[in-house]
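Novice: What follows is a predicted protein model with its sequence.
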Amino acid sequence: MDANAIKKRNLIMFPLGTVGRDMVYNLVTSYLLTFVLFTHRLTAAQVSAITAIMVAARVFDALNDPVMGNIIERTRTRWGKFKPWLVIGILTTSAVIWAAFNIRLQGWSFVVFFGVIYFLYSITYTMHDIAYWGMVPALSSDADTRNQYTSRATLFAGIGGVLAASLIPMLTAGSNAIGGDAVTAYGAVATIIAILAPLFLAFTVFGVIEQRDCNADPVPPVSFKKIFTTITGNDQLLWISLIFLVQEIGNGIVLSGVGQTYIYVEFGYEGGLFTIFQMVGMAVTAFLMIAYPALSRRHTRKKLMNALMAIAGVGYVLMLVPGLLLSAGNGVSPKFILITLGYMLANIGQFGFYLILMISIMNTVEYNELEHGSRDEGIIGSMRPFLTKMASALTVAIANITYIAFNIIHYTNGIATLEQEANEGLITAEQKGAEIDALLQGVARSQSVGLLLVMTVLPCALMFLSFVLYKKYYRLDEDEYERICRELSVREAAKA
């Protein structure tokens with residue numbers, strides 16, 4: 001098969017593989033905490049313990065990413081170094097998420113179980129996540145082709161995320177909940193996603209043809225020193241890692257549960273409302289992902305970032321001002337429409353930043369090769385998920401601190417009690433809905449405004465900080481990257 005045919009095939013098979021993976025990621029990252037809070041009656045101590053578990057597990061997970069990257073670098077099989085870990089990782093992840101949402105415990109026994117299952121998820125998801133994104137540099141070294149792989153994979157990841165984001169709240173809260181209660185509904189949704197994830201990743205496992213030159217190289221030793229020196233010896237990787245971390249913290253706050261809780265307390269406990277909020281907010285980013293390769297050929301990354309920052313700033317203002325000045329109303333009110341449109345604009349900026357920063361991390365592979373003589377794709381490729389998980393740990397902490405500080409857990413506990421009673425047949429779904437509506441009438445304005453400020457002002461400030469740092473400290477722009485690639489080509493020709 002010639003190179004052009006391989007490229008066409010890979011551009012289909014590689015991105016398809018991540019649809020199910022990102023449904024898993026969305027389920028756990030955006031809805032696990034919501035599932036816990038809205039189906040389990042927890043004390044402040046238990047919520048704090050769960051917060052500590054999630055933060056500790058994600059920090060552990062983040063630190064484990066470079067180790068997994070080093071293990072992948074050592075892997076030598078007839079199927080390459082990436083695909084074995086794709087298979088092992090996705091099958092074990094599916095088993096773990098099924099257990100997380102279907103084994104029913106309460107109180108401290110649930111907290112202990114949650115700790116075990118969450119650490120297992122951290123380990124198993126890392127296996128296929130590092131392998132999947134680490135494969136990108138092995139598909140092509142051409143900048144434009146790599147942009148196509150990255151943007152298309154990000155697009156399909158977004159499709160998986162949007163499918164999960166649109167269906168999960170609709171099927172788990174309110175009148176459309178599967179089985180009439182959130183306990184049953186989350187178990188069913190987790191089962192479906194656990195089946196779909198391996199099926200989608202099979203496209204990548206069986207369809208992608210990657211470069212396997214590494215099989216001829218000697219196996220590098222497992223070395224924490226190698227991980228440390230690769231990361232710390234690459235100044236551009238260090239800067240872009242800090243920038244990416246800051247941006248991802250801001251990007252993750254709305255979907256950490258804060259946004260969903262705000263929609264419920266302000267506009268009513270109906271999953272369809274949050275589905276609309278997310279669908280409108282995220283669907284427009286699909287255009288950006290499709291158009292990015294063409295945009296990147298016409299405009300530099302830093303010029304694109306100027307426009308994206310401005311769009312996001314307008315979006316956050318459009319969320320904040322109506323949120324402060326307009327009355328809520330029930331359902332799809334003018335206030336809800338304006339906040340949703342604002343989130344759409346903010347998301348254009350945030351997802352555009354995410355795409356640019358992800359490509360910027362990958363481009364440090366060639367910089368590393370120029371400076372140190374080795375590409376270290378697995379280790380460098382592990383930095384994106386490493387940083388995403390570190391950011392996720394901090395957004396979980398931000399969300400739970402917000403819930404405790406504004407006493408939101410009083411209302412989530414009330415909803416959890418009613419969901420459990422509906423699951424046990426003690427009340428009907430209609431009675432549950434009416435009692436939840438009555439409960440939410442007690443939410444004070446200061447509480448809903450607190451949620452609004454956390455999901456608007458903080459993300460905007462963090463995005464702006466990442467914008468300033470990128471423009472000042474990241475040097476691998478388009479011209480510099482091309483120069484590095486030319487110099488590497490000259491070196492290869494001299495060796496031949």
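Specialist: Good, I have the coordinates.
Novice: So, low pLDDT: which residues of the stretch 1-150 of the chain?
Specialist: Along the stretch 1-150 of the chain, segments meeting pLDDT under 70 span 1, 3, 75, 141-144, 146-147.
Novice: repeat for the stretch 301-450 of the chain
Specialist: For the stretch 301-450 of the chain (pLDDT under 70), the answer is 329, 378.
Novice: where do the helices sit along it?
Specialist: Here the stretch 301-450 of the chain has its helices, by DSSP state H, counting those that start in this stretch, at 301-325, 334-362, 364-372, 377-381, 383-405, 409-423, 429-440, 445-473.
Novice: Reformat the ones you listed as CSV; add distance to Thr150 and mean neighbour count.
Specialist: For glycine as for every other residue, the C-beta is placed from the backbone atoms N, C-alpha and C. Putting the helices of the stretch 301-450 of the chain into CSV (distance: least, C-beta to C-beta, whole Å; neighbours: other C-beta atoms under 10 Å) gives the following:
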stretch, distance to Thr150, mean neighbour count
helix 301-325, 12, 18
helix 334-362, 5, 22
helix 364-372, 12, 19
helix 377-381, 12, 28
helix 383-405, 10, 23
helix 409-423, 38, 21
helix 429-440, 42, 16
helix 445-473, 17, 19
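Novice: Save these as TSV, and put in distance to Val265 too.
Specialist: Shown next, in TSV, are the helices of the stretch 301-450 of the chain (distance: least, C-beta to C-beta, whole Å):
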stretch	distance to Val265
helix 301-325	12
helix 334-362	13
helix 364-372	43
helix 377-381	40
helix 383-405	11
helix 409-423	7
helix 429-440	6
helix 445-473	5
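Novice: So which of the ones you listed is nearest Ile117?
Specialist: For the helices of the stretch 301-450 of the chain, proximity to Ile117 was assessed by C-beta to C-beta; helix 383-405 is nearest, at 15.3 Å.
Novice: what are the C-alpha coordinates of that closest one, in PDB please?
Specialist: What follows is helix 383-405, C-alpha atoms only, in PDB (Å, rounded to 0.1, in the frame of the first residue of the first chain):
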ATOM      1  CA  MET A 383       2.400  14.900  28.800                       C
ATOM      2  CA  ARG A 384      -0.900  15.900  27.300                       C
ATOM      3  CA  PRO A 385      -2.900  13.300  29.300                       C
ATOM      4  CA  PHE A 386      -0.700  13.900  32.300                       C
ATOM      5  CA  LEU A 387      -1.500  17.600  32.300                       C
ATOM      6  CA  THR A 388      -5.200  16.900  31.500                       C
ATOM      7  CA  LYS A 389      -5.500  14.700  34.500                       C
ATOM      8  CA  MET A 390      -3.600  17.200  36.800                       C
ATOM      9  CA  ALA A 391      -6.100  19.800  35.600                       C
ATOM     10  CA  SER A 392      -9.000  17.500  36.200                       C
ATOM     11  CA  ALA A 393      -7.800  16.900  39.800                       C
ATOM     12  CA  LEU A 394      -7.800  20.600  40.400                       C
ATOM     13  CA  THR A 395     -11.200  21.100  38.800                       C
ATOM     14  CA  VAL A 396     -12.700  18.400  41.000                       C
ATOM     15  CA  ALA A 397     -11.300  20.200  44.100                       C
ATOM     16  CA  ILE A 398     -12.700  23.500  42.800                       C
ATOM     17  CA  ALA A 399     -16.100  21.900  42.200                       C
ATOM     18  CA  ASN A 400     -16.300  20.300  45.600                       C
ATOM     19  CA  ILE A 401     -15.000  23.300  47.500                       C
ATOM     20  CA  THR A 402     -17.700  25.300  45.700                       C
ATOM     21  CA  TYR A 403     -20.400  22.800  46.700                       C
ATOM     22  CA  ILE A 404     -19.300  22.900  50.400                       C
ATOM     23  CA  ALA A 405     -18.600  26.700  50.500                       C
END
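Novice: how close does Ala393 sit to Ile53?
Specialist: In this view, Ala393 and Ile53 are 11 Å apart by C-beta to C-beta, to the nearest Å.
Novice: Verify the contact between Phe119 and Val59 for me.
Specialist: No - contact criterion C-beta atoms under 8 Å: Phe119 and Val59 do not qualify, at 11.2 Å.
Novice: which ones are touching Val396?
Specialist: Leu33, Thr51, Met54, Val55, Arg58, Ser256 (C-beta atoms under 8 Å, 6 or more residues apart in numbering).
Novice: ok, for the first one, nearest residue in space, not its chain neighbours?
Specialist: Of all residues beyond its chain neighbours, the one nearest Leu33 is Gly257 (4.7 Å), with distances taken as C-beta to C-beta, 6 or more residues apart in numbering.
Novice: shouldn't that neighbour be in contact with Ala399?
Specialist: Yes - using C-beta under 8 Å, Gly257 makes contact with Ala399 at a distance of 4.9 Å.
Novice: got the contact list for the helix or strand where Gln278 lies?
Specialist: Gln278 belongs to helix 271-283 when elements are defined using DSSP states H and E. For helix 271-283, contacts defined as C-beta under 8 Å, 6+ apart pick out 158, 161-162, 165-174, 176-177, 255, 259-260, 263-264, 267, 331-332, 336, 339-341, 343-344, 346-347, 351.
Novice: what does stretch 371-379 give?
Specialist: Under C-beta under 8 Å, 6+ apart, the answer for stretch 371-379 is 66, 69-73, 81, 130, 134, 137-138, 226-227, 230-231, 233-234, 365-366, 368-369.
Novice: That stretch spans what distance, first to last residue?
Specialist: Stretch 371-379 has an end-to-end distance of 16 Å (criterion: C-alpha to C-alpha, to the nearest Å).
Novice: Mind telling me what element the spatially closest residue to Ala461 that is not a sequence neighbour is part of?
Specialist: The spatially closest residue to Ala461, leaving aside those adjacent along the chain, is Gly250, at 7.3 Å (C-beta to C-beta, 6+ apart). Assigned by DSSP H and E, Gly250 belongs to helix 235-252.
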